[in-house]
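Enquirer: Sequence plus predicted model, see below.
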Amino acid sequence: MNTASNVSAGKPKITGAIYAAPLGTTLPTDTTTALNEAFKPLGYCSEDGLVNSTDLQSENIKAWGGDTVLSVQTSRDDTFKFTLLEILNLDVCKFVYGNDNVTGALDTGVTITVNNKEVDERALVIDLILRNNTAKRIVIPDGKLSDLGDINYVDNDAVGYETTMTCMPDASGNTHYEYIKRA
C-alpha cells in the first residue's frame, strides 16, 4: 500500500548539518548521541544540498549461446557531494586544503598554501531532519576529498567550495552508516 507520510525531503539540522573530525574519532551509532568535541561544524552549504551517489559496476557472465547467466559486482564507489559556503571558516579551509596548509587567524592574517600534498582523510557526520521531525544521521567513518569544483568569485553569488567526498570502507567493510529515528 502506498503511504504518503513515508515521503520526505531532507533538510539540514538547524544547528548544523555537516561535521568533520580526524580519523579515529569516536563515531556516533544513533541519531541522538552528542558528537565528540573533535567534530567541527562546516557551516552553511549551498541550496543544492547533499548528493549521495553510488557507482555500481558489474560484469555479466554469459553462457554458451549468449544468455546472461550471472552478474558479478566488480566495484562499488560511494560518494557525497556538497558545496561549503563558509569560506571564512578556518575549519572549512582546513577541510578543503588540509590542516597543514592553513595557518593563522582572521584577525591577524591567514595563509593558505595550495600544493600537491594529500588532503587529510576525515570522519564525517551529516545530520538531517526528515518529515514529522524524524532525525537522520549519516556517519562516514573514512572520507577522502576526491574532487574540488571550480571556485567562482563573482559579485552576484556566494563563493563556495564544491566538494566530493569518496567513502573508504571501515574495518567492517562499510563505507557509511545511516541512522533514522522519529522524534
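Expert: Thanks, I have it.

Enquirer: Point to the residue nearest the middle of the chain.
Expert: The residue lying closest to the centre of the chain (CA atoms, centre = their mean) is Phe80, at 4.5 Å.

Enquirer: what's the spacing between it and Gly173?
Expert: Distance, Phe80 to Gly173, by CB to CB, to the nearest Å: 18 Å. (Each C-beta comes from the backbone N, C-alpha and C, glycine too.)

Enquirer: same check, this time on Ala21
Expert: Per CB to CB, Ala21 is found 21 Å from Gly173.

Enquirer: Now Gln73: which helix or strand?
Expert: strand 68-84 (DSSP states H and E).

Enquirer: so the residue nearest to the centre of the chain touches Ile126, yeah?
Expert: Yes. Using CB atoms under 8 Å, Phe80 is in contact with Ile126, at 7.4 Å.

Enquirer: joint contacts of the two?
Expert: Common neighbours of Phe80 and Ile126 (criterion: CB atoms under 8 Å, 6 or more residues apart in numbering): 50, 138, 140.

Enquirer: Name the nearest residue to the last one, sequence neighbours excluded.
Expert: This means Ile140. Leu124 (4.1 Å; CB to CB, 6 or more residues apart in numbering).

Enquirer: give me the number of residues near the closest residue to Thr25 other than its chain neighbours?
Expert: Excluding the flanking residues, the one nearest Thr25 by CB to CB, 6+ apart is Ala38, at 4.4 Å. Using other CB atoms under 10 Å, the number of residues around Ala38 comes to 13.

Enquirer: what are the phi and psi angles of the residue lying closest to Glu162 once chain neighbours are set aside?
Expert: Leaving aside its chain neighbours, Glu162 sits nearest to Gly149 (3.0 Å; criterion: CB to CB, 6+ apart). Dihedral angles of Gly149 (phi, psi; degrees, to the nearest 10) stand at phi -70, psi 180.

Enquirer: Who wins on neighbours among the shared contacts of Phe80 and Ile126?
Expert: Ile140 leads the shared contacts of Phe80 and Ile126 on contacts (other CB under 10 Å) with 25 neighbours.

Enquirer: and that residue, what does it touch?
Expert: 80, 123-126, 165, 167, 175-176.

Enquirer: average pLDDT across stretch 111-118?
Expert: Taken as a whole, stretch 111-118 carries a mean pLDDT of 95.

Enquirer: typed the wrong thing, it's stretch 78-97
Expert: 96.

Enquirer: Same check on stretch 61-75?
Expert: Per-residue scores along stretch 61-75 average to 89.

Enquirer: these two touch, right, Ser146 and Glu121?
Expert: No. Using CB under 8 Å, Ser146 is not in contact with Glu121, being 10.4 Å away.

Enquirer: where do the helices sit along this protein?
Expert: Along the chain, the stretches classed as helices by DSSP state H are 90-97.

Enquirer: All set now, cheers.
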